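Q: Quick one, what's the 3D model for this:
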Amino acid sequence: MTPLRVLLLDDEENIRRSLGLFLKMHGFEVETTARPDEALETLSREEFEVLITDVKMPGMDGLSLAEQAHRLHPGLTILVVTAFANVKDAVRVMKMGAYDYLTKPLDHEELLLILRRVEERHRMIREIEALRKRIPAESPYEELVGASESIRRIYALIDRAAQSDFPALIIGETGTGKELVARAIHRNSSRSGGPLVAVNCGALPETTMESDLFGHVKGSFTGAVADRAGKIRSAHGGTLFLDEISTLSPSAQVNLLRVLDDKTFTPLGSDNPVEADIRVVAASNEDLETVVGQGRFREDLFYRLNVIRIEIPPLRERKEDIPLLVRGILKQLGREELRISSGAMNLLLNHDWPGNIRELENVLKGSLALIDGDKLIFEHLPEKLRPSVSPAAPAGRGSFTEHVSLFEKGLIEEALNRTGGNIARAAKELAIPLRTLHRKIARYSIHPLRFK
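A: Numbers count the residues shown, from 1 in each chain. Model (predicted):
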């Protein structure tokens with residue numbers, strides 16, 4: 001991994017020499033300078049990921065420098081070092097665009113923890129940018145978004161399914177995009193000129209299920225006042241997508257098996273078979289093999305459908321696709337220009353998304369209603385995504401040290417929540433030294449700006 005490039009600004013030569021050597025020993029590329037104007041000139045010539053600056057210096061102070069550097073280089077991570085920590089300075093530091101501030105005498109281990117956290121953040125940014133560059137070439141299906149290894153496997157299976165006319169079975173949790181995969185198969189197949197008829201089998205009443213699918217003739221049952229074509233005839237020449245296939249009634253399963261075997265079906269009340277020139281793509285949020293074992297689904301029908309099998313992973317197993325999905329959803333909603341803060345993106349990346357892509361889409365829709373400007377921030381996202389700040393001890397197993405650490409992290413987050421992310425005030429409330437709190441915040445990867 002490419003090491004972080006750090007620009008160190010301090011007017012004391014001993015500090016520049018000792019801190020610079022310490023950072024180089026830990027794998028960082030370091031350049032030092034003694035004056036703010038030199039630092040600005042260096043930043044204009046070279047690329048750096050991190051600026052570490054003292055506050056009290058001759059001429060321009062470190063906070064004014066932080067403000068200018070942040071304005072000129074928005075992606076630069078700025079760490080401010082001061083000997084006079086107080087609430088006023090803390091607030092001003094954050095307003096000037098600094099990532100964090102540290103107090104003198106500087107704790108080198110605390111600084112190292114913070115830089116490792118910054119290093120991890122920059123690694124993620126680089127990966128996301130690489131994914132964004134690759135997605136046009138690796139996402140041949142406009143309905144789907146993602147560049148992770150698992151979604152690329154789905155693209156390959158869609159390509160294979162689109163080149164044949166065999167039945168396909170799509171397995172995935174609710175909200176993973178099973179219908180999008182079915183549409184991608186249809187649009188890229190030889191049947192793309194024909195209709196795609198989507199049927200949610202779970203929404204069909206059992207009393208009318210066979211009529212809905214296979215049609216009926218007039219007078220075949222009470223209320224049949226006219227002939228009805230049915231979904232299968234409507235899909236003639238195209239693709240029939242059967243979602244929640246496991247909810248089909250036993251008799252509907254028998255008739256569907258005939259469609260797959262003989263390419264014919266018989267409407268209710270008729271003795272004349274009808275040709276079924278269709279390709280069947282089925283989907284289920286249940287494992288059909290388990291459903292077969294439970295006696296709710298015919299084994300022979302399962303094998304006829306399971307010719308090409310596509311299993312869509314849940315969103316929690318491909319979180320690297322979330323930034324791309326967010327961009328894709330915002331584009332669909334007409335808000336492609338919207339910027340997303342790192343705090344908001346961290347929340348989206350840390351959530352497990354039990355409702356998968358559909359839940360992500362609903363969260364973004366709800367958040368858009370709260371945005372006044374052009375940036376989505378932490379506070380716009382729903383409470384369920386935000387980490388709990390309860391200091392209650394965790395339930396379940398775990399070592400004593402793990403329980404104590406979780407309890408301590410909860411206390412710190414609760415204090416930061418009460419103080420609006422003000423580290424100095426939180427340290428006073430917790431009755432611990434500010435340096436100690438900084439060290440613990442770094443250890444537990446807590447982001448104070450999240451609570452502002």
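Q: Quick check: which ranges of the stretch 251-400 of the chain have low pLDDT?
A: Confidence mapping of the stretch 251-400 of the chain against pLDDT under 70 gives the ranges 342-343, 386-400.
Q: So which residues of it form helices?
A: For the stretch 251-400 of the chain, the helices defined by DSSP state H, counting those that start in this stretch cover 288-293, 299-305, 322-332, 342-350, 356-368, 400-418.
Q: quick one: contacts of the first one?
A: With contact meaning CB atoms under 8 Å, 6 or more residues apart in numbering, helix 288-293 is reached by 169, 171, 245-246, 284, 297-299, 302, 305-306. For every residue, glycine as well, the C-beta is placed using N, CA and C.
Q: Kindly recompute the last result at 7 Å.
A: 246, 297, 299, 302 (CB atoms under 7 Å, 6 or more residues apart in numbering).
Q: domains for the chain, by residue range?
A: Domain ranges of the chain: 5-125, 149-315, 318-385, 400-451, per automatic domain parsing.
Q: Those domains: which one's closest to residue 143?
A: domain 149-315 (4.4 Å; CB to CB).
Q: Need the helices of the stretch 251-400 of the chain in JSON lines (columns: distance to residue 217 and mean neighbour count).
A: Putting those into JSON lines (distance: least, CB to CB, whole Å; neighbours: other CB atoms under 10 Å) gives the following:
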{"stretch": "helix 288-293", "distance to residue 217": "32", "mean neighbour count": "15"}
{"stretch": "helix 299-305", "distance to residue 217": "25", "mean neighbour count": "18"}
{"stretch": "helix 322-332", "distance to residue 217": "42", "mean neighbour count": "19"}
{"stretch": "helix 342-350", "distance to residue 217": "53", "mean neighbour count": "18"}
{"stretch": "helix 356-368", "distance to residue 217": "39", "mean neighbour count": "18"}
{"stretch": "helix 400-418", "distance to residue 217": "67", "mean neighbour count": "16"}
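Q: Just tell me which of the ones you listed ends up closest to residue 273.
A: Of the helices of the stretch 251-400 of the chain, nearest to residue 273 by CB to CB is helix 299-305, at 18.3 Å.
Q: Where do the helices of the stretch 51-200 of the chain begin and end?
A: 62-72, 87-95, 108-138, 149-162, 178-187.
Q: Of those helices, which shows the lowest average pLDDT?
A: Looking over the helices of the stretch 51-200 of the chain, mean pLDDT reaches its minimum on helix 87-95, with a mean of 59.
Q: Count the neighbours of residue 373 for me.
A: By other CB atoms under 10 Å, 8 other residues sit near residue 373.
Q: what's the answer for residue 42, then?
A: Look at residue 42: counted by other CB under 10 Å, it has 16 neighbours.
Q: Nearest spatial neighbour of residue 202, chain-adjacent residues omitted?
A: residue 244 (3.7 Å; CB to CB, 6 or more residues apart in numbering).
Q: Correction: the previous question concerned residue 230.
A: residue 215 (2.9 Å).
Q: Hmm, the one you found is touching residue 229, no?
A: Yes - at 5.0 Å, residue 215 and residue 229 qualify as touching, with contact defined as CB atoms under 7 Å.
Q: higher neighbour count, these two?
A: Between residue 215 and residue 229, counted using other CB under 10 Å, residue 215 has the larger neighbour count: 23 against 13.
Q: Mind pulling the model confidence for that one?
A: 87.
Q: OK, contacts around the residue nearest the centre of the chain?
A: With distances taken as CA atoms, centre = their mean, residue 322 lies nearest the centre of the chain, 2.6 Å away. Contact analysis of residue 322 by CB under 7 Å, 6+ apart lists 348-349.
Q: if I look at it, how far off is residue 441?
A: For residue 322, the distance to residue 441 (CB to CB, to the nearest Å) stands at 25 Å.
Q: Okay, strands next: where are they in the stretch 201-350 of the chain?
A: Applying DSSP state E, counting those that start in this stretch to the stretch 201-350 of the chain gives strands spanning 239-243, 264-265, 274-275, 279-284, 308-311, 339-340.
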